[in-house]
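J.: need a 3D model of the sequence below.
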Amino acid sequence: SCDKPPCGTGDVITVAHLGRDLAVRGTEVVRVGGHPSAPAELLWDVRCEGECWALAARTDNFTHVYLKQLRSRRASPEPSSATRSSLVTRVDAVLPRATSQAYVADAMDLVALHGWTSASGTTLAWLSYFDPTTPWEVPSRPAPDGRRAPVRAVLRTQVLGVGAPGVGAPGGGAVGAGSDGEKVLQEETISWRAHSPGGLAWAPGAEEEKLLVWSALDDDEPQVFATVVDAQGRRLRQRMVTRTAGAVLDVAAVPLDSGWLVAWLDGRGDTLEPYAVHLDEKLQSVGAERPVAAGAVSPAGLELLRRGELVFAAWSDVRSAGVDAQGDIFLAVLSALDGSVIEPARRVAATPQHSHSPRLEPRGDGALLAWLDADAELDGPGGGALAVLELDASGRSLGAAEKIRVDGRPTSFDLRCASDCRVVVTVDAGPRSELWAAGWRPRGDGRRATEGVTPQLLVALRGRFSDAAAPLLAGDDVVYVDGDEGSGPALHRLGVRWR
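T.: The predicted structure follows:
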């Protein structure tokens, strides 16, 4: 509402004073900064003890927070402009910080969220969660793809428009336009029956093609599948890669000169081991599937990165049979020609914390290897840090790992490096989850680059998503999953000012 137009282009907040009979006794358009033309667009923490006060802000500057006295126009002899409004915080120097927030679309419980950008916008690829122990039961009605088979985990791609209003319906509804989010220009379901423990990975291909790697059941056994899509996520070709018995977990992929190197954690033996195979552009295997490392105990979080003629492979493993054993990060160096092992797996760093979720990001001729260190108390919020280690072109460590502490237990993250590095971390803060972010510029010589780097809280999530998909860095924005039991999970995009 607005009492003296124009009141700005955004929504404004009106406070109503109600009598004992709940009849409206007076109203006020909440304004901040002492300027009648600056209505507040955010209002929270209303407190009334004799007088009513609240915190207020405008969406064009989240870092100016005002303490606002609330008085309805007719309930007070003073005019609305006489109510007090005091600036209580101004933190322009605190970066990174959120600058906007937008609902994107309803979603499912996601275990993986990836994406890439093109001229038409941002393309998301995501995988939903489904309990793999659920019995396979033939439904009474056909599934959305017409098959008389149950829907399991859903693998889907979506194209988000650039700044266009609208919403999509990842749960299977129609793509359309609306006023509460961005426009989902297109979506395609790659599979209605994916196997969520296998995860999801993607890698660039020739021209604008992308490779999606995932898993699904075939004759009750999980197998690795590869799908080539175009820049908009539309399926072009697909093939089942493996035909073996045993678990398939944590798929990974990286482009080669001709095709891709695809890797996964394979349970064909008594224990899980990292395996890899070279696929050509037609998704045909070039050579045999081969183990990447031997002697693994409980590997998890497989990650690949190509650097020149080499491919770095990283994962977490306990390498111990003890009940209290904590995971450490291991790194192997493979050939970018055929995926053969050049340097066997070595432990990157032995820590008392549980190290997990490694990420590899290109940096100069080498790479940054990052992972999460969580304190041993894994069932509570505990504490932890993001660890960052610089690698040279051969995969050797440059100095020791640096730690960026967070308030709570870090559960997932995304990392991107160009001229500087940006990271967004999901943190279990006890009753809720939070998104934190930090940025820094690596030195490239092993010297400390993250000293003095302080992560900043971007947004508090409505629910706890310790096991949900990691947030996604998409340019300057962050795409993430949030929701509660009432509204269900949804995709959101957070605009972030990094510098």
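J.: please make it C-alpha for all contacts and neighbour counts, starting now.
T.: Fine.
J.: may I see the buried residues of stretch 148-160?
T.: Neighbour counts over stretch 148-160 (16 or more other C-alpha atoms under 10 Å) mark 149-160 as buried.
J.: repeat that for stretch 473-487.
T.: 473-474, 477-483.
J.: measure it end to end?
T.: 24 Å (C-alpha to C-alpha, to the nearest Å).
J.: stretch 202-220 now?
T.: For stretch 202-220, the end-to-end distance is 25 Å (C-alpha to C-alpha).
J.: contacts only, for the residue nearest to Val425 when sequence neighbours are not counted.
T.: Distances taken as C-alpha to C-alpha, 6 or more residues apart in numbering place Phe413 nearest to Val425, at 4.2 Å, with adjacent residues excluded. Phe413 is in contact with 423-426, 470-471, counting by C-alpha atoms under 8 Å, 6 or more residues apart in numbering.
J.: which of those residues sits closest to Thr122?
T.: Nearest to Thr122 out of the contacts of Phe413 is Pro471 (C-alpha to C-alpha; 14.4 Å).
J.: can you pull the contacts of the residue lying closest to Ala468 once chain neighbours are set aside?
T.: Leaving aside its chain neighbours, Ala468 sits nearest to Val111 (5.2 Å; criterion: C-alpha to C-alpha, 6+ apart). Applying C-alpha under 8 Å, 6+ apart to Val111 gives the contacts 126-129, 196, 199, 467-470.
J.: ok, which stretches of the stretch 201-350 of the chain are strands?
T.: With strands called from DSSP state E, counting those that start in this stretch, the stretch 201-350 of the chain shows them at 201-204, 210-218, 221-229, 235-240, 248-255, 260-266, 273-279, 285-291, 300-307, 310-317, 328-335, 341-349.
J.: so how far is the first one from its chain's centroid?
T.: Using C-alpha atoms, centre = their mean, to the nearest Å, the distance from the centre of strand 201-204 to the centre of the chain it belongs to is 15 Å.
J.: and the contacts of that strand?
T.: 114, 210-214, 251-255, 260.
J.: give me the buried entries from the contacts of Val111.
T.: 126-129, 196, 199, 468-470.
J.: out of those, which are inside strands?
T.: 126-128 (DSSP state E).
J.: closest one of these to Arg239?
T.: Leu127 (18.0 Å).
J.: quick one: the closest one from Gly366, how far?
T.: 30 Å.
J.: about what we covered before: can you pick the most crowded of the contacts of strand 201-204?
T.: Within those, Trp214 tops the neighbour count with 31 neighbours, counted by other C-alpha atoms under 10 Å.
J.: which residue is the nearest non-sequential neighbour of that residue?
T.: Spatially, and ignoring its direct neighbours in sequence, Trp214 is nearest to Leu200 (4.9 Å; C-alpha to C-alpha, 6+ apart).
J.: again, but for Ala98
T.: Using C-alpha to C-alpha, 6+ apart, the nearest residue to Ala98 is Val496, at 4.5 Å.
J.: try Ser397
T.: Closest to Ser397 by C-alpha to C-alpha, 6+ apart is Leu391, at 4.6 Å.
J.: circling back to that earlier point, same list, the contacts of strand 201-204, but as TSV with distance to Val277 and pLDDT please.
T.: Listed next are these as TSV, based on distance: C-alpha to C-alpha, whole Å; pLDDT from 0 to 100:
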residue	distance to Val277	pLDDT
His114	22	96
Lys210	17	97
Leu211	14	98
Leu212	15	98
Val213	12	98
Trp214	14	98
Val251	12	98
Ala252	11	98
Ala253	10	98
Val254	11	98
Pro255	12	97
Trp260	8	97
